[in-house]
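K.L.:
sequence-free structure coming up:
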Ligand SMILES: NC(=O)CC[C@H](N)C(=O)O
């Protein structure tokens, strides 16, 4: 997965990382771009010197039942000037469903952003990273939530639509056409 994220990032191939897929893109970015060779998630290496993904403080390692972050939560866009906000019709926020125990380490956000990764969606506390983008890339998106849970045939998630449009080279034209939120 890390190699796939690296290949997509370096070769301008569209990437949509969902949940662990977003966490993997953060690990890959920290290793390759920031030079943190042993950057990892606490899930895979509890001894990592660069814990870019960590266990959520409210979780429990001993009680697995209903201790994960589950269900619909709100994500606030930090800027209207990003691909995902435009795909979600310039909404100020989006409610999507979650299922995870690990999250991007909020203490590492500053250094990741200085390197060029942008966290364009956060939860209401501003401490939990929900959406990342790489502005230098045509479509490099990671989401902590699961857009597939609310996606339906004939009414696909904005993110799946955007991903496919990017893959066929039509994202820019689509975003221009729909820039007024229509
Ligand atoms: N659903 C997932 O991809 C889970 C990702 C990761 N294992 C977590 O719990 O945070």
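P.N.:
That came in fine, so what should we check first? What you see is a predicted model; the values in this text were computed from it and never measured.

K.L.:
So which bits of stretch 6-26 are buried?
P.N.:
6, 8-9, 14-26 (16 or more other Cβ atoms under 10 Å). Using the backbone N, CA and C atoms, a C-beta is placed for each residue, glycine as well.

K.L.:
roughly how far out does it sit from the chain middle?
P.N.:
9 Å (Cα atoms, centre = their mean, to the nearest Å).

K.L.:
first to last residue in that stretch, what's the distance?
P.N.:
10 Å (Cα to Cα, to the nearest Å).

K.L.:
try stretch 161-178
P.N.:
End-to-end for stretch 161-178, by Cα to Cα: 13 Å.

K.L.:
repeat for stretch 105-120
P.N.:
Terminal-residue distance, stretch 105-120 (Cα to Cα): 15 Å.

K.L.:
Tell me where this protein has helices.
P.N.:
In the chain, the helices defined using DSSP state H lie at 2-10, 20-32, 83-87, 109-114, 158-167, 171-177.

K.L.:
Now distance to residue 67 and mean pLDDT too, for the ones you listed, in a markdown table please.
P.N.:
Output for the helices of the chain, formatted as a markdown table (distance: least, Cβ to Cβ, whole Å; pLDDT from 0 to 100):
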| stretch | distance to residue 67 | mean pLDDT |
| --- | --- | --- |
| helix 2-10 | 27 | 98 |
| helix 20-32 | 18 | 98 |
| helix 83-87 | 29 | 97 |
| helix 109-114 | 24 | 98 |
| helix 158-167 | 27 | 98 |
| helix 171-177 | 38 | 95 |
